[in-house]
Every structure is written in C-alpha cells, then in structure tokens.
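In: here is a sequence together with a model predicted from it:
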Amino acid sequence: MAVFGVLAAALGAVGLVAPDVLLTVMGFEPVPDGGRADGDHTPVFLTASSMAALNMGVYYVLAALADWKPFFRWTVPFRLLTCAVFTLAVVTGRAPSGFLGVGLWEGLGAVVTGAALRYEGRKGAA
C-alpha cells in the first residue's frame with residue numbers, strides 16, 4: 001500500500017510539474033506549445049487527474065501507516081474495475097497501447113493486495 005501510494009503521489013506531482021513527461025510515460029504524444037486547438041481541455045484534465053493521483057497517493061500512504069485494513073480491502077474491487085476500464089480503453093482504441101501498463105499496474109496491485117490480505121487473515125486465524 002505504501003509503495004503504491006508513494007508512486008501515485010510521485011506520478012501526480014510529475015503530472016502537475018511536467019505534464020508532457022507524464023503523457024510520454026503513458027504512451028501519449030505531447031502536443032507542442034501553441035499546437036492545441038481551441039476548446040482542447042487536455043491540460044485541465046491532466047491537472048485534475050494529476051492532483052487526484054497526488055491526493056490518492058497520500059491517502060494510501062496514510063492508510064498504510066495506520067495499517068487500516070478496511071481501506072485496503074475496499075481498494076481491491078475498485079482497482080480491478082480500473083484495470084478493466086483502462087484495458088478496455090486500449091482494446092477499443094480510446095487510448096494508446098502504452099496506457100495498457102496503467103491498467104495492468106492497477107490489476108496487479110489489486111491481486112497482490114487481495115492475496116496479502118488473505119494471507120494475513122489466514123495467519124491471524126491460525
């Protein structure tokens with residue numbers, strides 16, 4: 001949880017400070033300054049999602065420090081949903097193939113979190 005939180009917060013900060021770097025990492029081609037069409041609000045959405053990632057990362061770190069197991073459990077189904085939506089975005093052509101890594105990261109995080117919770121539950125019951 002803490003590792004995911006730190007990574008989410010770091011990527012959120014990168015998106016706020018250097019949005020073109022974040023776009024490149026996710027497989028999007030950055031548009032040069034002055035190259036955006038009128039009404040293109042991509043920078044607004046990138047700022048909003050980067051701020052959300054920064055906040056979410058902090059939430060994850062705080063939950064890890066508090067060892068807040070209910071929070072960990074709640075993340076599993078929603079991270080699996082995120083995996084499905086992001087993967088579907090790539091499969092249907094709404095997002096470039098580089099974005100698949102984001103979906104897989106979410107799916108892997110959900111599976112690892114679920115497995116760790118299950119392991120700890122069994123260990124505590126023994």
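Out: Perfect, I can see it now. Numbering: from 1, shown residues only.
In: quick one: buried residues of whichever strand or helix holds Gly109?
Out: Per DSSP states H and E: Gly109 is located in helix 100-125. Neighbour-count burial for helix 100-125 flags 100, 102-103, 105-107, 109-110, 113-114 (criterion: 16 or more other C-beta atoms under 10 Å). (Glycine included, C-beta is placed from N, CA and C.)
In: so what does it touch, helix or strand wise?
Out: Packing contacts for helix 100-125, counted by 3 or more C-beta pairs under 8 Å, 6 or more residues apart in numbering; DSSP states H and E, involve helix 69-91.
In: which residues touch the helix it packs on?
Out: If you take C-beta atoms under 8 Å, 6 or more residues apart in numbering as the criterion, helix 69-91 is touched by 1, 59-60, 63, 95-97, 99-100, 102-104, 106-107, 109-110, 113-114, 116-117, 120.
In: now swap in stretch 93-109 and tell me
Out: 4, 25-28, 75, 79-80, 82-87, 89-90.
In: closest one of those residues to Ala125?
Out: Each of those was scored against Ala125 by C-beta to C-beta, and Thr75 proved nearest at 22.0 Å.
In: how close does that closest one sit to Phe99?
Out: 20 Å (C-beta to C-beta, to the nearest Å).
In: what about the two, which has more around it?
Out: For Thr75 versus Phe99, neighbours defined as other C-beta atoms under 10 Å are more numerous around Thr75 (23 against 17).
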